[in-house]
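# Pasted the sequence and its predicted model underneath.
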Amino acid sequence: METSRTDYFDQSTPRVPANDQFRMFTLTLPEALKRAIAAYNDGNFSEAERLCRTIIAAKPDFFDALRLLAVLETRLGRLKDALTSYDRALAVRPAYAEALHNRGVILHELNRFDEALASFDQALAVRPDYAEALSTRGATLHELRRFGDALASYDQALTARPNYAEALHNRGVTLHELKRFDEALASFEHAVTARPHYDEALHNRGLTLHKLKRFDEALASFEQALAVRPDYAEALSNRGATLYELRRFEDALASYDKALTVRPNYAEALSNRGLTLHKLKRFDEALASYEQALAVRPDYADALRNRGLTLHELKRFDEALASYEQALAVRPDYAEALSNRGTTLHELRRFKDALASYDHALRVLPNYAEALHNRGVTLHELKRFDEALASYEQALAVRPDYTQAHFNEAICRLVIGDFDRGWEKFDRYFNRYYQFRRLGVSNGTALAAIAGRTILLHAHLGYGDTIQFCRYVPLVAELAARVILEVQAPLHELMSTLPGAAQIVTRGDPIPNFDVQCLLESLPLVFGTRLETIPSATPYLRVSSQAIMNWNARLGGPRGRPRIGLAWSGDPMNWNDHNRSMRLGSLLSLLDLSATFVSLQKDVRAGDAAVLKARSDVLHFGDELKDFSDTAALLSNLDLIISVDTSVVHLAGALAKPVWVMLPFIPDWRWLLDRDDSPWYPTARLFRQDNSRSWESVIVRVRAVLQDFLRDYASKPPPAACSG
């Protein structure tokens, strides 16, 4: 499953510029006011304030002294005092536009937006073309989320002053908020043209370019902002986000770290730094970074959600779920957290709860492709295949190039036996993923491309897939002049027994010249395979008589007892390993039966090693199985193989050995549904989990059937000598 992540950026806020009316003017004033102005201009604010208060004490309605005091108090950050001073000044001169405007600026800074708006409107009633008041009025309307009115106010400001950089910038911020990114970009560009070193405009232009997925240009804009202001924390953090999108994770991490040097408690940078560490698989450090963000802002929904992503990756599903729940307590309609919670609930096998979480996400964001896709995965797990297909199709309608949705649709179609459409989707996924040139999607085109030419066949899935699909190589050889087969190194020697391959190449080695190429996994489509036309003749792989005799000698023991091979786990890195593998302890109830049991596990997990060591009645060869040719020779000496869905099953089937396959409730596509045989391997018998989704019921049935097998074996003559 795929999960998806939310926007990394802080909310942009329109910049309210320091008004040029705060600049001191010179008029015929009493000497004390002249000295106060001089002290202000020299930066001696305490002296300027002392003089202003002296003047006001002597003449309480001295407008210029009241106004200068308000400017001083604003400069010193004493906004409430400044507001009082402006109110006193305006009581003396009510229609003074600059004082009304500056009073509005202070009210805006105090988040008293309705009052700020009224003050700007009073200033504009006095001077309708007052560009600064029109621009800051727009910023206040933005804060009140009256975006249309804000744009109108900016446009009036720009009519009064066409190259007014602040109004252009603030207009861009509002357009960005409205997701009108192309228009926002144009407004930021105009602002930067008017003022080339305008750091906020350069930064917000970068944000908009990021939204437009023009990441290289976004990065350049952030770099320009940082050239103007090297310690610009927001630009450093958002540059990190853009470097993340460019998959330059180490550089992104460095940018976040620099932002945190400037602002150590920058919650957004800490959270996004955690995501970058997650990508670098430094999960413990990622968690620490989220915790720092949450120490600064405990109700930070994005950090809670991102922490959930990392906990999920660490398979700490209960903790991940708790983190998503915390995020949703803060933001109940957080679509990404709802979808990710669904993914974790799926892993906890709470499929109906997962489905409800996806449905909630889709009520918030109906075209959320990841939620539609993940909902399909959960519906598949519930065996609601038609609904799963509909959900994948909805995801692909939103995002036609959604590769994972194409793949899971293919798996869904194949498991229900819809090979015609399933192979096409399967092929589309792998050829897009591996970027190889396809032979074509119709039989005629594909086969015409092969005929009489040298073809390179690549194996790019797991060992079992290579063993399953290599059955097509002889069919290709009947058409091609020469077949080169590239396979994984452990399969190289075994594949030399496959008819039709003129040359076997180990993956990673130099590849000889060829005319056309194709993925091995694409051959079912090339040959138009349907259930009834699967090339199922076995054996198609073989083992030398000498290798069989060598392994027979290693097995030793009386031949009066049947030899039964056991494999209980596959590759732990396989995405479905938690469903298809079991513990050795689950098979112990079989071991009291009268047979010689042989472990077919090359690698044994730590939890199983102690159990295996305690069972001297189970033969185990481990590292003696150097490659698949050794495993094939060992299998050739066995009477029966019992295995979970792993490469051993495919090898046994390709050698035409009797093999019993223990399958999870939702099997891999190749085992289809509701049948105990396999059209791919005639010697296979399938044992499926029931609705309990437990292995216990499977083992009970296997034991019962195995007892019948042993009785039949005992009634027959001893087996003949082994041969290749």
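Okay, I see it.

# buried ones in the regular element (helix or strand) spanning residue 712?
For residue 712, the host element (DSSP states H and E) is helix 696-714. Across helix 696-714, burial judged by 16 or more other C-beta atoms under 10 Å covers 698, 699, 702, 706, 709, 710, 713. Yep, even glycine has a C-beta here, placed from its N, CA and C like the rest.

# Please look at residue 52 and residue 72 and confirm they touch.
Yes. If you go by C-beta atoms under 8 Å, residue 52 and residue 72 touch, sitting 6.7 Å apart.

# Tell me which of those two has more neighbours.
residue 52 (28 against 23; other C-beta atoms under 10 Å).

# need the contact list for the more buried one.
Listed by C-beta atoms under 8 Å, 6 or more residues apart in numbering, the contact set of residue 52 reads 33, 36, 65, 66, 68, 69, 72.

# Chain neighbours aside, what residue packs nearest to it?
residue 69 (4.2 Å; C-beta to C-beta, 6 or more residues apart in numbering).

# Can you list the low-confidence ranges for the stretch 401-550 of the chain?
Applying pLDDT under 70 to the stretch 401-550 of the chain picks out residues 430-446.

# And stretch 242-255, what's buried?
Those buried within stretch 242-255 under the rule 16+ other C-beta under 10 Å are 242, 243, 244, 248, 249, 251, 252, 253, 254, 255.

# cool, and stretch 299-311?
Using 16+ other C-beta under 10 Å as the test for burial, stretch 299-311 gives 300, 301, 302, 303, 304, 305, 306, 307, 308, 309, 310, 311.

# now, which of the residues you listed sits nearest residue 341?
Among these, residue 308 lies closest to residue 341 (C-beta to C-beta), at 7.5 Å.

# Let's verify the closest one: helix, strand, or coil?
helix (DSSP: H, G, I helix; E, B strand; the rest coil).

# From residue 228, how far out is it?
To residue 228, residue 308 is 37 Å away according to C-beta to C-beta, to the nearest Å.

# now the strands for the chain?
If DSSP state E is used as the criterion, the strands of the chain fall at 454-458, 482-487, 503-506, 516-519, 563-567, 596-599, 618-620, 640-644, 659-663, 684-688.

# Among the ones you listed, which comes closest to residue 678?
strand 684-688 (4.3 Å).

# Tell me which strands the closest one pairs with, and in which orientation.
Take DSSP bridges as the rule and strand 684-688 pairs in its sheet with strand 659-663 (parallel).

# which of the residues in the partner strand are buried?
Using 16+ other C-beta under 10 Å as the test for burial, strand 659-663 gives 659, 660, 661, 662, 663.

# hmm, who's touching that strand?
Counting by C-beta under 8 Å, 6+ apart, 580, 582, 640-645, 648-649, 652-653, 671, 678, 681, 683-689, 695, 698-699, 702, 705 sit against strand 659-663.

# average pLDDT for that strand?
For strand 659-663, the mean pLDDT works out to 97.

# Which segments of the protein make up each domain?
For the chain, automatic domain parsing gives the domain ranges 7-195, 344-427, 436-533, 545-714.

# closest to residue 260 out of those?
domain 7-195 (14.2 Å).

# Distance from that closest one to the middle of the chain?
44 Å (C-alpha atoms, centre = their mean, to the nearest Å).

# before we move on, what about stretch 351-362?
With C-alpha atoms, centre = their mean, you get 18 Å for stretch 351-362.

# Show me what counts as buried in it.
Buried residues in stretch 351-362 (16+ other C-beta under 10 Å): 351, 353, 354, 355, 356, 357, 358, 360, 361, 362.
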